[in-house]
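> I would like to see how this sequence folds:
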Amino acid sequence: MQALASRRQCSLEHLKITAIGTKAKPIIEGTGNRLTDFAQSMSLPFSFNVVVVKDMMDLSEDLFELNNKETVVVYSPSFLWTVISQPSQPDCLMKIIQKIKPCVMVVNEVEANHNSPVFVNRFIEALFFNAAFFDSVEDCMECDEPNKAIVESFLFGRGIRNIVGAERTIRQVNFNVWRAFFAQFGMGAFGAPDKNE
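Residues are numbered from 1 along each chain as shown. Below you'll find the predicted structure:
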């Protein structure tokens, strides 16, 4: 927002953010209030809209209240993996995204392969994936720190059980899977531009 507010060439006429969720509307609205205050402090024309649907299958392009002159960017921060466990949801979501015609879609997902139907493969992947987290906690927290046990057992433990257990709602996939998925909808990948360009 600061970069947009400080642009002299091709200044921004209005920034509109629409946040989508299936729950926690008050939290989303709180984020919107903070962003609105921040935008006002920089005199950046800004609006924040909240779209809450019971299920992502209920999402439709009409809920975005777009006009033809808007340039649309979709930002998906660590979200798409949550819809993999329900086979029709990723396709439904992408069809909506296609209809709103974004010029760019920024996707931020964990690079992992937690979606294998073979238990041994998921177990090995979870072992290596989570070992990095345990190592980072080991370097950042003392062994006898109470929060360390909470982080390891509650956050990491729950994730590991979910990946290797029967529930399996955590289904992260690697970049090549996402690339092939987006290609089905006519979308291609490109890297982030060099900040020196």
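
> wait, what's in contact with Gly21?
With contact taken as CB atoms under 8 Å, 6 or more residues apart in numbering, Gly21 is in contact with 28, 50-53. For the C-beta atoms, the positions are set from N, CA and C on the backbone; glycine is no exception.

> 6 Å instead, please
By CB atoms under 6 Å, 6 or more residues apart in numbering, Gly21 lies in contact with 28, 52.

> Let me know the pLDDT of the residue positioned nearest the centre of the chain.
The centroid of the chain falls nearest to Pro77 when counting by CA atoms, centre = their mean (2.0 Å). pLDDT for Pro77: 86.

> how about the nearest residue to it, chain neighbours excluded?
Asn108 (4.7 Å; CB to CB, 6 or more residues apart in numbering).

> One more: Glu70?
With CB to CB, 6+ apart, the residue lying closest to Glu70 is Lys16, at 7.2 Å.

> hang on, the one you found in a strand?
Yes. The assignment for Lys16 (DSSP: H, G, I helix; E, B strand; the rest coil) places it in a strand.

> thought it was touching Ser47?
Yes. Under the criterion of CB atoms under 6 Å, Lys16 makes contact with Ser47 at 4.8 Å.

> so after the lowest-mean-pLDDT helix or strand in the chain, what's the next helix or strand?
Here the helix or strand of the chain ranked lowest by mean pLDDT, DSSP states H and E is helix 157-164, holding a mean of 75. On the C-terminal side of helix 157-164, the closest following helix or strand by DSSP states H and E is helix 175-183.

> returning to that earlier point: pull the number of nearby residues for the residue nearest to Glu70.
15 (other CB atoms under 10 Å).
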